[in-house]
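>>> Next come a sequence and a model predicted from it.
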Amino acid sequence: MNTVKLMGIIFIIAGLGSYGLMEANGLKLRVRQIKELKMALGFLEKEITYLQTPLSLALSRTANCTPG
């Protein structure tokens, strides 16, 4: 009986641990996406402000310079 309880505890801990790791990976991906978006908006702001590029051209340049 103790062996069954021990196996149950191990399965619960392993399942919750793997779930936590999957969620952490999703959050890491989200943080990377937000950083890329912030960089793209900064690039777009510089294109418009300093170079006075028209919006359509500035957006296409921003799209070419950013990943994904």
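Here it is on my side, so go on.
>>> Give the burial count for Thr66, as a bare number.
The burial count assigned to Thr66 is 14, neighbours taken as other CB atoms under 10 Å. For every residue, glycine as well, the C-beta is placed using N, CA and C.
>>> My guess is Met39 contacts Thr66. True?
Yes: in this structure, Met39 sits in contact with Thr66. The criterion is CB atoms under 8 Å, and the distance is 6.8 Å.
>>> Which other helices and strands does the top helix by length along the chain contact?
Scanning the chain for the longest helix, with DSSP state H as the assignment, gives helix 2-49. Using 3 or more CB pairs under 8 Å, 6 or more residues apart in numbering; DSSP states H and E as the contact definition, the elements that helix 2-49 packs against are helix 55-65.
>>> Between helix 2-49 and the helix it packs on, find me the angle.
Helix 55-65 runs at 140 degrees relative to helix 2-49, counting by axes from the mean of the first three to the mean of the last three CA atoms, to 10 degrees.
>>> avg pLDDT for helix 55-65?
In this model, helix 55-65 has an average pLDDT of 87.
>>> same check, this time on stretch 11-31
Averaged over stretch 11-31, pLDDT sits at 93.
>>> can you give me how far that stretch is from the chain middle?
Centre-to-centre, stretch 11-31 and its host chain are 14 Å apart (CA atoms, centre = their mean, to the nearest Å).
>>> swap in stretch 41-54?
Once both centres are worked out by CA atoms, centre = their mean, stretch 41-54 turns out to sit 25 Å from its chain's centre.
>>> Convert it to PDB, retaining C-alpha atoms only.
Only the C-alpha atoms of stretch 41-54 are listed here, as PDB (Å, rounded to 0.1, in the frame of the first residue of the first chain):
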ATOM      1  CA  LEU A  41       8.400  50.500 -32.100                       C
ATOM      2  CA  GLY A  42      11.600  52.300 -31.200                       C
ATOM      3  CA  PHE A  43      13.000  51.800 -34.800                       C
ATOM      4  CA  LEU A  44       9.700  53.000 -36.200                       C
ATOM      5  CA  GLU A  45       9.800  56.100 -34.000                       C
ATOM      6  CA  LYS A  46      13.300  56.900 -35.200                       C
ATOM      7  CA  GLU A  47      12.400  56.400 -38.800                       C
ATOM      8  CA  ILE A  48       9.500  58.800 -38.500                       C
ATOM      9  CA  THR A  49      11.000  61.400 -36.100                       C
ATOM     10  CA  TYR A  50      14.600  61.800 -37.300                       C
ATOM     11  CA  LEU A  51      14.500  60.700 -41.000                       C
ATOM     12  CA  GLN A  52      10.900  62.100 -41.500                       C
ATOM     13  CA  THR A  53      10.100  59.000 -43.600                       C
ATOM     14  CA  PRO A  54       6.500  58.700 -44.800                       C
END
